[in-house]
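What follows is a predicted protein model with its sequence.
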Amino acid sequence: MTFDRRIFNFAAGPAAVPEEVLKQAAAEMLNWQGLGTSVMEISHRSKEFMAVYEEVLHDLRTLMNIPESYEILLLQGGGLGQNAAIPMNLMGLAKNGPKADFLVTGIWSEKSFKEADKYGVVHLAASSAAEKFNTIPARSTWQLSGDAAYVHYCANETIGGVEFPDVPDVGNIPLVADISSNILSKEIDVSKCGVWFGGAQKNIAPSGVTIVIVRKDLMGHSMKITPSIWDWAKQAANQSMINTPPTFSIYMAGLGFKWLLKQGGVKAIERCNQEKSDLLYNFLDQSSLYENRVTKEYRSRMNVTFFLKDENLNAQFLEQSNAAGLVALRGHKAAGGMRASIYNAMPLEGVKALVEFMRDFERRA
């Protein structure tokens, strides 16, 4: 199927990029800054690219109000890479041997839990597996070990559509947050976590660069087995350039940050994201055909999961939605159903079009 217009792309990642950003990148593709070449073709250590790199750091620090006590690393390997880097950099902080606590609320935090098991003791402090990852366990049920180097959680579970409404309180133990799918979607207090990490491919730019925001006092404690490329202290000392960085993804992230600043920053985009998610959830809640199974207070504003009560209609729903230019609505294979990822780049018009299609499909079903 081909289209002669832009579609509304509800993909979970790589996800939609603002059209304005794509147009600027296209215009600069062959002759960036009058150099007669693209940004992809210049040295990462050239003064021109280093200016891009520094501006990216500055704009991200501005958007998230990141204190100077935090280092910003622009790495590769995605969230899965950091699932290994985090225990290798932090588990050594535990007083009684390498250990970490985990809050497992979905498939991504479960992956983090299993990966960390290679490097030390992993303690399951809370899990919603018994509830099919449709909720977050009550804080009163968490069993934090007390002697862990850190507590790990996933702020937004892309697959299950579960999101922590606030940064959890775990006391004095450093908190590590996977924010791959809700970074820059709402205001957060960076000082509440020791480490924030996430890939760019959902809310920022094309895949390639992984952002790690780490409190400086948590660096320099890596295990001996830690590869240099995963050692945060070494990467910080080398401006995240121990190896050639993903220059084009960093450049695109910079364009994404400029676009977000132009929208009014994170506070403004948070209002827009709330309006989009409210529109879709309100429709789901009154529908006789569709249902969302996530506990209301933990519903994700980024990844709205839903099911057709008559799943025999799934194939027809996807065929017709694709034909209408509403694409990538199939849920993750591990969860089934449908999923609409409505990241920053998804305009309100896209969600309105989706709701109108769903309402019409329900009338005809």
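Okay, I see it. Numbering: from 1, shown residues only.

Which residues are in contact with residue 136?
Residues counted as contacts of residue 136 (Cβ atoms under 8 Å, 6 or more residues apart in numbering) are 103, 105, 128, 162, 164, 295, 298. No exception for glycine: its C-beta is placed from N, CA and C like everyone else's.

who wins for neighbours among those?
residue 105 (28 neighbours; other Cβ atoms under 10 Å).

returning to what we had before: so of the contacts of residue 136, which two are at opposite extremes in space?
Farthest apart among the contacts of residue 136 by Cβ to Cβ are 103 and 295. That separation is 15.2 Å.

Would you check how far apart residue 319 and residue 298 are?
Relative to residue 298, residue 319 is positioned 31 Å away (Cβ to Cβ, to the nearest Å).

Tell me the strands beside the host helix or strand of residue 306, with direction?
Using DSSP states H and E, residue 306 sits in strand 303-308. Using DSSP bridges, strand 303-308 pairs in its sheet with strand 290-291 (antiparallel), strand 338-341 (antiparallel).

of these, which approaches residue 199 most closely?
Residue 199 sits nearest to strand 338-341 of all the strands paired with strand 303-308, at 13.6 Å, using Cβ to Cβ.

Touching whichever helix or strand comes after that closest one from outside, list them.
Downstream of strand 338-341, the next assigned helix or strand under DSSP H and E is helix 348-364. Applying Cβ under 8 Å, 6+ apart, the contact partners of helix 348-364 are 8, 10, 272, 275-276, 279-280, 283, 287-290, 317, 320-321, 324-326, 329, 340, 342.

which of those are buried?
For the contacts of helix 348-364, a neighbour count by 16 or more other Cβ atoms under 10 Å gives the buried set as 8, 10, 272, 276, 279-280, 283, 287, 289-290, 317, 321, 324-326, 329, 340, 342.

So which bits of stretch 253-265 are buried?
Neighbour counts over stretch 253-265 (16+ other Cβ under 10 Å) mark 253, 254, 255, 256, 257, 258, 259, 260, 265 as buried.

Now secondary structure too, for those residues, in CSV please.
Formatted as CSV, the buried residues of stretch 253-265 follow (DSSP: H, G, I helix; E, B strand; the rest coil):
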residue, secondary structure
253, helix
254, helix
255, helix
256, helix
257, helix
258, helix
259, helix
260, helix
265, helix
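
ok, and what's touching the strand holding residue 306?
With Cβ under 8 Å, 6+ apart, strand 303-308 has contacts from 12, 156-161, 181, 277, 280-281, 284, 289-294, 314, 317, 331, 335-342.

Which members of those are positioned in strands?
Among the contacts of strand 303-308, DSSP state E puts 156, 157, 290, 291, 338, 339, 340, 341 in strands.

pretty sure the first one contacts residue 179?
Yes - Residue 156 is in contact with residue 179 according to Cβ atoms under 8 Å; the separation is 7.0 Å.

So which of those two has more stuff around it?
When neighbours are counted by other Cβ under 10 Å, residue 156 comes out ahead of the other of residue 156 and residue 179, with 28 against 23.

For that one, give its distance to residue 255.
Distance, residue 156 to residue 255, by Cβ to Cβ: 23 Å.

before we move on, what about residue 229?
26 Å.

Spell out the secondary structure type for residue 126.
strand.

Contact partners for it?
By Cβ under 8 Å, 6+ apart, the contact set of residue 126 is 103, 104, 105, 137, 141, 142, 143.

leaving aside the residues next to it on the chain, what's closest to residue 71?
Once flanking residues are discounted, residue 71 sits nearest to residue 236: 4.9 Å by Cβ to Cβ, 6 or more residues apart in numbering.

Return the distance of the helix or strand harbouring the one you found from the chain's centre.
Secondary structure from DSSP H and E places residue 236 in helix 232-237. Centre-to-centre, helix 232-237 and its host chain are 23 Å apart (Cα atoms, centre = their mean, to the nearest Å).

buried ones in it?
Of the residues in helix 232-237, 232, 233, 234, 235, 236 count as buried by neighbour count, 16+ other Cβ under 10 Å.

Turn those residues into a markdown table, columns for pLDDT.
Below are the buried residues of helix 232-237 laid out as a markdown table (pLDDT from 0 to 100):
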| residue | pLDDT |
| --- | --- |
| 232 | 98 |
| 233 | 98 |
| 234 | 98 |
| 235 | 98 |
| 236 | 98 |
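
Output the residues you listed in JSON lines, with distance to residue 93 appended to each entry.
Compiled in JSON lines, the buried residues of helix 232-237 are given as follows (distance: Cβ to Cβ, whole Å):
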{"residue": "232", "distance to residue 93": "13"}
{"residue": "233", "distance to residue 93": "13"}
{"residue": "234", "distance to residue 93": "17"}
{"residue": "235", "distance to residue 93": "18"}
{"residue": "236", "distance to residue 93": "17"}
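
Next, the contact list for the nearest residue to residue 53 once chain neighbours are set aside, please.
Excluding its sequence neighbours, the residue lying closest to residue 53 (Cβ to Cβ, 6+ apart) is residue 250, at 6.4 Å. For residue 250, the contacting residues are 52, 53, 56, 74, 208, 209, by Cβ under 8 Å, 6+ apart.

any chance of the residues you listed in TSV, plus secondary structure?
As requested, the contacts of residue 250 are exported to TSV (three-state DSSP):
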residue	secondary structure
52	helix
53	helix
56	helix
74	strand
208	coil
209	coil
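
Just among those residues, which is most surrounded?
Neighbour counts for the contacts of residue 250 (other Cβ under 10 Å) peak at residue 209, which has 27 neighbours.

So residue 28 sits against residue 38, correct?
Yes - the pair residue 28 / residue 38 is scored as a contact, 7.4 Å apart, by Cβ under 8 Å.

Thank you kindly, that will do.
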